[in-house]
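Fold the following, please.
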Amino acid sequence: MRTLLDTHAWIWWVNEDRRLSRKARAAIANGQRAHDLWLSMISIWELAKKVEKKQLVLDRPLDRWIEAATTMPGLHLAELTPPILVESCRLPGPFAGDPADQIIVATAREDQAVVVTKDRRILEYAHVTSLW
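Purely as a prediction, here's the structure:
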């Protein structure tokens, strides 16, 4: 099964942050080995917005950080396709996530991926597989 990183999981993985759970680290390592580890393009935008709003400070300029973080071994970028964008607005049941979360969930549903996330709204959403 594909492994899709939520934005914070991607950032924490790249930065080797201790907040990443053991289960999440194992899923990421398995995804890397299988060359089936994915990141939605919306996560790049979400990261850039956090830097713009000064909610996140990186150890190098944004462009250089993104270049290094999107070329990690085994990581692939999931495009924002029309079906994913439409699905993000048609998620079954109530989903109270922000637009980036909606796109990440729609990407996981479209690609039959498990989402690595600490976000309770995604973890508790019955229409997507997730873990932390």
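
How far off centre is the helix or strand harbouring residue 3?
Using DSSP states H and E, residue 3 maps to strand 2-5. In terms of C-alpha atoms, centre = their mean, to the nearest Å, the centre of strand 2-5 is set 7 Å apart from its chain centre.

now for the helix or strand where residue 51 lies, which elements pack on it?
Assigned by DSSP H and E, residue 51 belongs to helix 41-52. Applying 3 or more C-beta pairs under 8 Å, 6 or more residues apart in numbering; DSSP states H and E, one finds that helix 41-52 makes contact with helix 7-14, helix 62-69, helix 99-111. No exception for glycine: its C-beta is placed from N, CA and C like everyone else's.

what angle do it and helix 7-14 make?
Angle of helix 41-52 versus helix 7-14, following axes from the mean of the first three to the mean of the last three C-alpha atoms, to 10 degrees, is 80 degrees.

For residue 1, report the pLDDT, please.
Confidence at residue 1, expressed as pLDDT, is 86.

so who does it touch?
36, 112, 113, 114, 129 (C-beta atoms under 8 Å, 6 or more residues apart in numbering).

what about the first one, how many neighbours?
Residue 36 sits with 17 neighbouring residues when counted by other C-beta atoms under 10 Å.

Without its sequence neighbours, what residue ends up closest to it?
residue 2 (5.0 Å; C-beta to C-beta, 6 or more residues apart in numbering).

Now for the one you found, how many residues are close by?
18.

just residue 22 next, same as before
By other C-beta under 10 Å, neighbour count at residue 22 equals 7.

ok, now residue 45?
Neighbour tally, residue 45, other C-beta under 10 Å: 15.

With adjacent residues omitted, what lies nearest to it?
Residue 45 sits nearest to residue 100 (C-beta to C-beta, 6+ apart), 7.3 Å away.
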